[in-house]
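J.: No letters, just coordinates:
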């Protein structure tokens, strides 16, 4: 094969990923523009909305470190303690601080830039996972569009960790299916330092690595199984050392945000209350999003028989639902917690891909529009944290 033909082959191979990145950026630009209209109507600066809630914590940690924050930020109960900032994982603020220092940009701009770049990387990873799950380019691009425009996908364009975590998760899952164990391990370490929901990813990867090792013993899967939990467990251990409690991080979450795993008891009560009283649009829609996610998880479980090769991707989506439903805390944030669970949208992408092009595009556009409205409303019309 000549050098020219090699370049042509690589160019053709990269084209779908360019489309995935372009679709992602287009949907996210649309989402930010809609948010800008909503924010202007409510007299709120756009930058304030893009750095709201948890974004303020990440900016403060990036600027002052975990021990330099002396006040101004409060937990869900309106309190602040010296260890409260340690509830937030370090990868995003550390990366933010490093890039802001090197480039000389402001922290807010740097945080938004990180989210844009990480979002593009995540979109390419989501596209790759769709291909590995047996889909063609059309399914992959539809999945990217649906994920980029889903409910609370606005956080992908904020100073939040959703874009960075999804990038790590998507490429870790792609690495598992392709048996690229070093890539998988490194992405798991990164994910574990980014969000506590990495517990789902790490569990899936460790199971997959052990299964692969059992079938064909080798250093790759063995090393992956050992390295994958390092980021997540390492941070928990660090917080335990700083707080003087083995359950230090979990204590901070429970005390500050009432977050704990209760097997779904609080979620069940929340769902029943909203379906019988419907006290707010935000809470009621969160209920329907959770119910749809549960239905999608069931579909993914059924698909495992037909597509056994991609079970790690499906299991990650199912695990994200189990974690979101089983965790008590702030019930109206569940839609955001499900944002990295992009495999949950695979049944929709597969279904649309087998419809006429006009039908598929119209339906996808409608779903993106609804998801975009929901994110803009959550940040401008809803007074509580997202």
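T.: That came through fine. Everything numeric here is computed off the predicted structure, so don't read it as measured data.
J.: for the chain, what spans make up the strands?
T.: 260-261, 327-328 (DSSP state E).
J.: what helices or strands is the first one leaning on?
T.: In other words, strand 260-261. Packing contacts for strand 260-261, counted by 3 or more C-beta pairs under 8 Å, 6 or more residues apart in numbering; DSSP states H and E, involve helix 248-257, strand 327-328. Any C-beta I mention is one placed from the backbone N, CA and C, and that applies to glycine too.
J.: show me where pLDDT drops low in the stretch 201-350 of the chain?
T.: 278, 306 (pLDDT under 70).
J.: Please repeat the previous calculation with a cut-off of 90.
T.: Within the stretch 201-350 of the chain, the set of residues satisfying pLDDT under 90 comprises 216, 256-264, 266-267, 269-284, 286, 301-310, 328-333.
J.: show me where it has helices.
T.: 219-227, 230-243, 248-257, 265-277, 281-303, 311-326, 334-337, 346-353 (DSSP state H, counting those that start in this stretch).
J.: How about the stretch 51-200 of the chain?
T.: So, for the stretch 51-200 of the chain - with DSSP H, counting those that start in this stretch - the helices run 54-64, 91-103, 107-132, 137-148, 162-177, 181-192, 198-215.
J.: can you tell me the average pLDDT over the first one?
T.: By that I understand helix 54-64. Averaged across helix 54-64, the pLDDT comes to 96.
J.: what residues are up against residue 167?
T.: Contact partners of residue 167, counting by C-beta atoms under 8 Å, 6 or more residues apart in numbering, are 118-119, 121-122, 125.
J.: with those residues in mind, which one is nearest to residue 227?
T.: Distance to residue 227 across the contacts of residue 167 (C-beta to C-beta) is lowest for residue 125, with 19.1 Å.
J.: my guess is the closest one meets residue 171, correct?
T.: Yes. Using C-beta atoms under 8 Å, residue 125 is in contact with residue 171, at 4.4 Å.
J.: residues near residue 353, how many?
T.: The local packing of residue 353 (other C-beta atoms under 10 Å) involves 20 other residues.
J.: Any figure for the gap between it and residue 235?
T.: According to C-beta to C-beta, to the nearest Å, residue 353 and residue 235 sit 39 Å apart.
J.: again with residue 134
T.: As defined by C-beta to C-beta, residue 134 lies at a distance of 35 Å from residue 235.
J.: rewinding a little: now distance to residue 190 too, for the helices of the stretch 201-350 of the chain, in JSON lines please.
T.: Converted to JSON lines, those look like this (distance: least, C-beta to C-beta, whole Å):
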{"stretch": "helix 219-227", "distance to residue 190": "11"}
{"stretch": "helix 230-243", "distance to residue 190": "6"}
{"stretch": "helix 248-257", "distance to residue 190": "18"}
{"stretch": "helix 265-277", "distance to residue 190": "29"}
{"stretch": "helix 281-303", "distance to residue 190": "25"}
{"stretch": "helix 311-326", "distance to residue 190": "15"}
{"stretch": "helix 334-337", "distance to residue 190": "19"}
{"stretch": "helix 346-353", "distance to residue 190": "23"}
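J.: Can you tell me which of those is most buried?
T.: Greatest average neighbour count among those goes to helix 334-337 (a mean of 24), per mean count of other C-beta atoms under 10 Å.
J.: what's that helix packed up against?
T.: With contacts taken as 3+ C-beta pairs under 8 Å, 6+ apart, helix 334-337 sits against helix 281-303, helix 311-326.
J.: Quick one: the ones you listed as TSV, columns for distance to residue 37 too.
T.: Shown next, in TSV, are the helices and strands packed on helix 334-337 (distance: least, C-beta to C-beta, whole Å):
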stretch	distance to residue 37
helix 281-303	18
helix 311-326	29
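J.: where in the stretch 1-150 of the chain is pLDDT low?
T.: Counting by pLDDT under 90, the stretch 1-150 of the chain has low-confidence residues at 1-15, 70-72, 74-79, 81, 103-104, 133-136.
J.: and the closest residue to residue 147 other than its chain neighbours, how many neighbours?
T.: If the residues on either side of it in the chain are set aside, residue 147 comes closest to residue 342, at 4.5 Å by C-beta to C-beta, 6 or more residues apart in numbering. Per other C-beta under 10 Å, the neighbour tally for residue 342 reads 29.
J.: How about the contacts made by residue 342?
T.: Contact analysis of residue 342 by C-beta under 8 Å, 6+ apart lists 126, 129, 143, 147, 166, 170, 317.
J.: Export the residues you listed to CSV and append columns for distance to residue 216.
T.: Shown next, in CSV, are the contacts of residue 342 (distance: C-beta to C-beta, whole Å):
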residue, distance to residue 216
126, 28
129, 23
143, 30
147, 33
166, 30
170, 25
317, 26
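J.: So which of the helices and strands packed on helix 334-337 is nearest residue 197?
T.: Set against residue 197 and scored by C-beta to C-beta, the helices and strands packed on helix 334-337 come closest in helix 311-326, at 6.2 Å.
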